[in-house]
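Visitor: Got a predicted model here, sequence first, then my questions.
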Amino acid sequence: MIKNNPLPKPPWWATKLLHWWADPNTSEEVEGDLLEMYAYWLQTAGSQRARWRYAVSVFKLLRPFAKRKTSKDYTKTYLLSHAMIQNYLKIAFRNLLKNKGYSAINIGGLSVGMAVAMLIGLWMFDELSFDRSHKNHDRVAQVFQFVTFEVEKSIYDVMPIPLADVLRAKYPDFKSVALSKRQGQILAAGDKKFEKSGNSVEPAFLDMISVDMLAGNYSALDEANSILLSESLAKALFGNASPIDKLIKIDNKIDVKVTGVYLDFPANSTFKEVSFLTPWNLYLNNDPYAKGMATDWDSNNYQIYAQLKDGADFDKTSAKIKDIRVKMENPPGYKPEFFLHPMDKWHLYGEFKNGVNTGGLIQFVWLFGIIGAFVLFLACINFMNLSTARSEKRAKEVGIRKAIGSLRGQLISQFFSESLLVVFFAFMLSVFLAAAALPFFNEVSGKEMSILWANPYFWLSGIGFSLLTGIIAGSYPAIYLSSFQPLKVLKGTFSVGRFAAIPRKVLVVMQFTVSVTLIIGTIIIFRQIQFAKNRPVGYTKHGLIEIKMNTPELFRHYNALRSDLLNTGAVTEMSESSGAITTQDGGTTDVSWEGKRPDMQPLIMSNAVTHEYGKTVGWQLTQGRDFSKIFSTDSSAMILNESAVKLMNFKKPLDSFVTASGKPYKVIGVVKDMIKENPFAPVSPSFFIINYRNVGMINIRLAPDMSASEALAKVENVFEKFNPGSPFTYKFADEEYNKKFGNEERIGRLASFFAILAIFISCLGLFGLASFVAEQRTKEIGIRKVLGASVANLWGMLSKDFVLLVIIACLISVPISWHFMSEWLKKYQYHTAISWWIFAVTGMGALGITLLTVSFQAIKAALVDPVKSLRSE
């Protein structure tokens, strides 16, 4: 009798695991199938492999693993298949066409928001890439110095000439060092004459700043009487002819030869205004003042640029050169501290307070970046609000889809495809909107930007930006709409509930909070500008022109020039001064007076003028008299401004004596403070003395009874007589003074531009919501009209909810805007106050705009015949 051996049993622990984790409704059938497979594996693969395959099969059938596998396969097979994506987009496109009004609002709002973000992105890129066109930008720095007058440290970018030699000789961290002197000069070639700004530089400057030579090379400045021209200036002087080896006359006295042409510096470069470069030795040989300064450590009039060697650190090198002057014999009382300011920080990190870098324009770069993000977010809010508001209309669609087998992931993909399609159309429209608005935006921002059509990074970033916008805008609607329960929807018991509108109301409040905050900020910025403009300047700006004395002919004929100008009848007075009325060129600490404390080292601004200066500029005497040729002693007389009198603590300033640069002067008068520097800051202590030799500016008061164009034509004829080799160039004092507000006005214009667009986008969304609410309440409106409700009653009913939301937004925006604008105003020593009426007017304006936006839809709905609205229901 043959006895059959029993078959090896499968692993007991695997069977036990199957009983624990398998679905109890199907575990017996699954176990039976596994045992059949196990028997087959025993016959074909052997006992060991059969036990292993049985255990692996049990693991694969457990719920977590089985679910994960199914989900992965499903996603790959269905959700991301070409057919499903095509289906999503087809349905999304049909929904857009079905709801043209809402689609237009969504696409329009998003396109405006994206265009704003695009413009701000271009502006930020331009600012952040400032000076980055220079190949050595990360190794180049300019030497600055802190000087201490009294207690606080002030910063200057002008240095003494000997410092450059010391840096080259004693500090191995420097690869190269170059001196430079900025100056405006008249360049003439034949009958063409232009007044341009240029730099006299040492040869190392060219390679350090990476000047892009179009003709010639970096040795082109080795010749003493040579000049390099920018491409634009070369074309202006010589047309299309080659300028190389051509002669140019500078300031009608120096002949130089063109030895090179370089590509114009870009608009976002510190050197964008530099139209020519001349050798440093040419400047030293032709400026008698500069020759004496070659060894003078106290003459701070020049720029020094330096390039560090690889591996050297700006901060460590700054620490090494900090006390060069202080450690020398007879150090000055203002205690200069030298340091390196890297090129990458020149533009965006240019503000210092008491020796500490406090930032600068970088604050506005990030501020407007945040504003751009908020404006785009406002447009995204419109999409979210309108999508969720129409949830009841799409509830049945969601219910039917789920009932026939659609999973939530499939529905989320559908709704995301709709948002991405909207964003795609919005992006294409936003590109054209940005291109159309760019010329205006360039004018407002003072830039020369362009759309980077041929740059692949622009389009890649645009696509990525669009995808991100689509995800942000579509996330909430997709999650919200896909969460509906099909049973409730199809039985007709579905309701969005009392609290379904709360998220939409919160988003509307956020929209108007941002918009109102921007409007309040814009108003305060313009009030600050106007506050400073209304500040008394201490002289009469209107009708005053300034002409720079560039050539020797203007220095030699003061009395004859003045006489001829007065004889034209176009001029009421003329004088000369060391600097322009709207700038302060320099000062001195070498000033003493009776009662001065030994520890005082104040910087007092010095001004050399001719006798008629006061009458020309129209300054206002508060004590004493003006300069006069009647008094021969006025060559040793001095006039102080009110700030100087206060500093010197003079109780009776008249007839007091002040010693400046070793010479005693008698105070004969006191004038009101004249604003020559920052109009937002206190006026510096200043004195005025008679000096006909150290002057460089002609001041002319035009006759008020003659038109400016007629007067200028007569003045030009006189200057052609005395200075025939130079073009007649002049500046109006009031226009130069207004330029001092350029940064603030630019910020104000940008803020107002974004505020208008923000309120437009917010109102666009409000218009869509009002339209939806009116449509949703059509039956209620009809019943109320039948029962006797007036149009005014219905208008109030439909408008009050929106008005309440805007009021809440205004209340939230008040403390936010007050805090941020108060902090902004603190940077100005002379600033306006934040008045309560700014918030009141802004709030009333926001309410007015809201009512205008909502009223159209409210009144339209209220005027509908109730018979039609009830019959359609």
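Guide: Thanks, I have the structure now. Residues are numbered from 1 along each chain as shown.
Visitor: And the helices in the stretch 151-300 of the chain?
Guide: 162-170, 204-208, 231-238, 280-286, 288-291 (DSSP state H, counting those that start in this stretch).
Visitor: which helices and strands sit right next to the shortest one?
Guide: Looking back up the chat, that one is helix 288-291. Using 3 or more C-beta pairs under 8 Å, 6 or more residues apart in numbering; DSSP states H and E, the elements in contact with helix 288-291 are helix 280-286. C-beta: built from backbone N, CA, C; applies to glycine.
Visitor: Packing partners of the helix it packs on?
Guide: strand 174-189, strand 192-201, strand 254-262, helix 288-291.
Visitor: switch to 6 Å and redo it
Guide: strand 192-201 (3 or more C-beta pairs under 6 Å, 6 or more residues apart in numbering; DSSP states H and E).
Visitor: where do the strands sit along the stretch 351-500 of the chain?
Guide: For the stretch 351-500 of the chain, the strands defined by DSSP state E, counting those that start in this stretch occupy 351-353, 356-359.
Visitor: any idea which of the ones you listed is most buried?
Guide: Of all the strands of the stretch 351-500 of the chain, strand 351-353 carries the top mean neighbour count, a mean of 15, counting by mean count of other C-beta atoms under 10 Å.
Visitor: And for that strand, what's in contact with it?
Guide: Here strand 351-353 makes contact (C-beta atoms under 6 Å, 6 or more residues apart in numbering) with 155, 358-360.
Visitor: what kind of secondary structure is Thr616 in?
Guide: When classified by DSSP: H, G, I helix; E, B strand; the rest coil, Thr616 comes out as helix.
Visitor: if I pick it, what's in contact with it?
Guide: 573, 575, 699, 701.
Visitor: again, but for Met697
Guide: 546, 577, 579-580.
Visitor: now do Pro336
Guide: 145, 147, 325.
Visitor: From the contacts of Thr616, pick the one nearest Tyr302.
Guide: Lowest distance from Tyr302 to the contacts of Thr616 (C-beta to C-beta) belongs to Asn699, with 26.8 Å.
Visitor: Near the closest one, how many other residues are there?
Guide: By other C-beta atoms under 10 Å, the residues close to Asn699 number 23.
Visitor: about what we covered before: how about the contacts of strand 351-353 in JSON lines, adding pLDDT and distance to Ser275?
Guide: Compiled in JSON lines, those are given as follows (pLDDT from 0 to 100; distance: C-beta to C-beta, whole Å):
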{"residue": "Ile155", "pLDDT": "88", "distance to Ser275": "27"}
{"residue": "Thr358", "pLDDT": "86", "distance to Ser275": "33"}
{"residue": "Gly359", "pLDDT": "85", "distance to Ser275": "31"}
{"residue": "Gly360", "pLDDT": "85", "distance to Ser275": "26"}
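Visitor: can you tell me which two in the residues you listed are farthest apart?
Guide: Pairwise over these, using C-beta to C-beta, the maximum falls at Ile155 and Gly359, 13.7 Å.
Visitor: Over to Thr572. Which of the three states is it?
Guide: Applying three-state DSSP: Thr572 is strand.
Visitor: Tell me how many other residues surround the nearest residue to it once chain neighbours are set aside.
Guide: Using C-beta to C-beta, 6 or more residues apart in numbering and skipping the chain neighbours, the partner closest in space to Thr572 is Arg701 (4.8 Å). Arg701: 22 surrounding residues under other C-beta under 10 Å.
Visitor: likewise Ala164?
Guide: 24.
Visitor: returning to what we had before: from the contacts of strand 351-353, pick the one nearest Lys335.
Guide: Ile155 (13.3 Å).
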